[in-house]
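[1] Fold the following and give me the result.
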Amino acid sequence: MKLQNQIAIITGASSGIGKSVAKCLALEGAKVVINYPFEKTKDDAQAVLDEIKQAGGDGMICQCDVSKEDEVQNMFAQTIQQYGTVDILVNNAGIQVDSPFEKMTLSQWNAVIGVNLTGQFLCAREAIKEFLRRGVDETKSVAAGKIIHMSSVHQIIPWAGHANYATSKGGINMLMQTLSQEFAPKKIRINSICPGAIQTPINTDAWSTPEALNNLMKLIPYKRIGQPEDIGKAAVWLASDDSDYVNGTSLFVDGGMTLFPGFTTNG
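    A predicted model of the protein is given here:
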């Protein structure tokens with residue numbers, strides 16, 4: 001129970017990677033706040049919480065559009081009112097709105113930047129305020145708080161047709177590193193997880209048919225698609241004191257996608 005009695009907010013936790021992260025953290029003793037963006041996803045969030053409770057965990061659900069400052073502030077206020085503090089933030093919420101660049105609208109650009117990058121800024125800011133207020137509680141952790149930014153292999157791999165998404169992930173990398181540099185002296189640990197191809201609803205087209213999956217394998221030296229649990233287990237490690245000397249690091253969980261597999265045949 002590496003996260004016993006710690007309070008963890010996981011944004012975008014009603015499905016996909018966020019759902020798995022919430023379940024994995026709860027199994028290690030954290031009380032989890034399962035964030036969902038809109039009323040129509042409330043039932044999905046409740047189903048995740050029910051599953052966690054059936055496994056012996058605990059938590060709550062909380063609606064919040066992370067791109068909205070007042071909603072983020074309210075989510076943290078609700079969490080602190082319920083549990084007294086926040087120990088872990090997993091900045092996971094993210095969307096894709098794909099378009100050829102010359103046809104991309106400002107609303108498509110702003111939607112992705114708003115959730116993927118501005119949302120991570122807003123949530124990190126509120127978490128850091130709480131970590132600084134509380135300081136280190138050594139009954140829980142040797143760190144004052146932990147933030148895990150969910151980035152992507154596309155923080156370093158360009159992605160044609162996805163300029164807004166790739167830009168948001170590149171921004172997350174620099175946000176994470178800058179915050180880590182600034183707040184490491186305050187015993188706040190800040191890192192990123194960079195998933196590769198993970199089998200979730202956001203990328204169904206990439207794995208839902210044998211042909212698509214076979215094409216995807218050309219990009220993955222390890223020759224399997226990632227599972228949400230692969231990310232959840234990495235999040236547990238980064239949130240625990242097992243990784244206490246890890247700060248300002250991007251952990252790529254990608255089956256080797258960032259190894260430029262196209263060059264295995266000399267390009």
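[2] what about stretch 132-139, start to end distance?
    17 Å (CA to CA, to the nearest Å).
[3] Return the distance of stretch 155-169 from the chain's centre.
    17 Å (CA atoms, centre = their mean, to the nearest Å).
[4] can you give me the end-to-end distance of that stretch?
    5 Å.
[5] go on, stretch 205-225?
    First residue to last in stretch 205-225 (CA to CA) measures 13 Å.
[6] quick one: contacts of it?
    Stretch 205-225 has contacts (CB atoms under 8 Å, 6 or more residues apart in numbering) with 196-199, 254-257, 259, 261-262, 264. Where C-beta positions appear, they are placed from N, C-alpha and C, glycine not excepted.
[7] Next, give me the two most distant ones among those.
    For the contacts of stretch 205-225, the maximum inter-member distance is 23.4 Å, found between Gln199 and Thr264 (CB to CB).
[8] So for these two, which sits in the more crowded spot?
    Gln199 (18 against 10; other CB atoms under 10 Å).
[9] Identify the spatial nearest neighbour of the more buried one, chain neighbours not counted.
    Closest residue to Gln199 apart from its sequence neighbours, by CB to CB, 6 or more residues apart in numbering: Ile225 at 4.9 Å.
[10] Please report the distance of the one you found from Thr265.
    In this view, Ile225 and Thr265 are 22 Å apart by CB to CB, to the nearest Å.
[11] Neighbour count: these two, which is higher?
    Just comparing Ile225 and Thr265: by other CB under 10 Å the higher neighbour count belongs to Ile225, 19 against 6.
[12] State whether Lys129 is indeed within a strand.
    No. Read with DSSP: H, G, I helix; E, B strand; the rest coil, Lys129 is helix and lies in no strand.
[13] and Thr11, what is it in contact with?
    Counting by CB under 8 Å, 6+ apart, Thr11 has contacts 18, 35, 64, 66, 89-93, 119, 123.
[14] hmm, try it at 10 Å
    Residues near Thr11 by CB atoms under 10 Å, 6 or more residues apart in numbering: 18, 21, 33-37, 62, 64, 66, 72, 75, 89-94, 115, 119-120, 122-123, 150.
[15] I am finished for the moment; much appreciated.
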